[in-house]
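A.B. asks: How does the following fold in three dimensions:
(one chain, ligands or ions: 2)
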Amino acid sequence: MSTKLSVNINKIATLRNSRGGDVPNLVQFAKDVQEYGAEGITIHPRPDERHIRYQDARDLKPIVYTEYNIEGNPIQKFMDLVLEVQPTQVTLVPDAVDAITSNAGWDTIKHKDFLTEVIAEFKNNGIRTSIFVDPVIEMIEGAKEVGTDRIELYTEEFAHQYSLGNSKAIQPYVDCAVRANELEIGVNAGHDLSLDNIAFFVKEIPGLLEVSIGHALISESLYLGIENVVNMYLNKLKA
Ligand SMILES: CC(=O)[C@@H](O)[C@H](O)COP(=O)(O)O
Ligand SMILES: NCC(=O)COP(=O)(O)O
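C.D. replies: Numbering: from 1, shown residues only. Ligands and ions are numbered 1, 2, ... in the order given. Here you go, the predicted model:
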């Protein structure tokens, strides 16, 4: 079993929106990265539509033939969109509306009843569920209680520590992945993963099913080219 690469295209929408037109075209970009080898497309339509717009989620649906992952805080408007679009997977993220980016995982104990209800709604509609969590064992065990198919390990702290030379920061993620595997919860990961840290991360994490990568991948592509970078990630994931 190898780890799938899902390309988060939020930053393409950021660039598009900056001039008010349709360049770069988001749909064409999603078609192209799949052709280059991406095994999924991830988007994160935020309530203020600062980058991905709700209409983008609809426009992308017919052209995503790999895995389609829509991330977001399950406010009613988001839930309605996901149920309408029917992606492969929905990833629930407890974002504050004004957050500059995703910056925390779910408290799966405190929000057990809410998450149980929301997850059941998506699963009853045939959509695979994942929830964004910090690498804390109790949160993984809470994830089992709410019935999610998968978790997404929030990897910002790992990425930051790894960049400082502290590779031991991987340990909580290893422990949580082991526990998730024991509980038969699928393991995804994302946030600040990059060409610098991905090979080490994927080597150490047991049963890693998917990584979703956007900010670093798009930034690296400015220098190395998107087709080249997608294949660099694929090679590191399959090594
Ligand atoms: C949940 C997560 O860490 C990312 O998927 C998120 O989509 C990043 O959002 P921005 O692209 O708005 O920073
Ligand atoms: N879920 C993580 C994601 O989709 C992309 O996060 P990042 O690579 O933009 O930090």
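A.B. asks: and the residue sitting nearest the centre point of the chain, helix, strand or coil?
C.D. replies: Geometric centre of the chain, nearest residue: Ser212, 4.2 Å, by CA atoms, centre = their mean. Using DSSP: H, G, I helix; E, B strand; the rest coil, the structure places Ser212 in strand.
A.B. asks: Just to be sure, Ile131 is in a strand?
C.D. replies: Yes - using three-state DSSP, the assignment for Ile131 is a strand.
A.B. asks: show me what contacts it?
C.D. replies: 91-92, 105-106, 108, 115, 119, 143, 146, 148, 150-152 (CB atoms under 8 Å, 6 or more residues apart in numbering). C-beta here means a position set from N, CA and C on the backbone, and glycine is covered the same way.
A.B. asks: cool, and Trp106?
C.D. replies: Leu92, Pro94, Leu115, Ile131, Phe132, Val133, Met139, Ala143.
A.B. asks: Near the third one, how many other residues are there?
C.D. replies: What it means is Leu115. Leu115 has 25 neighbouring residues, counting by other CB atoms under 10 Å.
A.B. asks: Would you confirm that it contacts Ile151?
C.D. replies: No - between Leu115 and Ile151 there is no contact under CB atoms under 8 Å: 11.4 Å.
A.B. asks: Which strand residues bridge the residue nearest to the centre of the chain?
C.D. replies: Assessed by DSSP bridges, Ser212 has beta-bridge partners Ser6, Gly190.
A.B. asks: how near is it to Glu152?
C.D. replies: 7 Å (CB to CB, to the nearest Å).
A.B. asks: which neighbours do those two share?
C.D. replies: Common neighbours of Ser212 and Glu152 (CB under 8 Å, 6+ apart) are Thr91, Asn188, Ala189, Gly190.
A.B. asks: any chance of those in TSV, plus distance to Glu157, pLDDT and neighbour count?
C.D. replies: TSV is the format used below for the shared contacts of Ser212 and Glu152 (distance: CB to CB, whole Å; pLDDT from 0 to 100; neighbours: other CB atoms under 10 Å):
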residue	distance to Glu157	pLDDT	neighbour count
Thr91	18	98	27
Asn188	16	99	26
Ala189	12	98	26
Gly190	13	98	25
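A.B. asks: what's the most distant pair in these?
C.D. replies: Across the shared contacts of Ser212 and Glu152, no pair lies farther apart than Thr91 and Ala189, at 11.1 Å, counting by CB to CB.
A.B. asks: Are there residues contacting both of the two? Which ones?
C.D. replies: Glu152, Ser212.
A.B. asks: on that earlier part again, could you pick out which of the contacts of Ile131 are near ligand 2?
C.D. replies: Glu152 (CB under 6 Å from any ligand atom).
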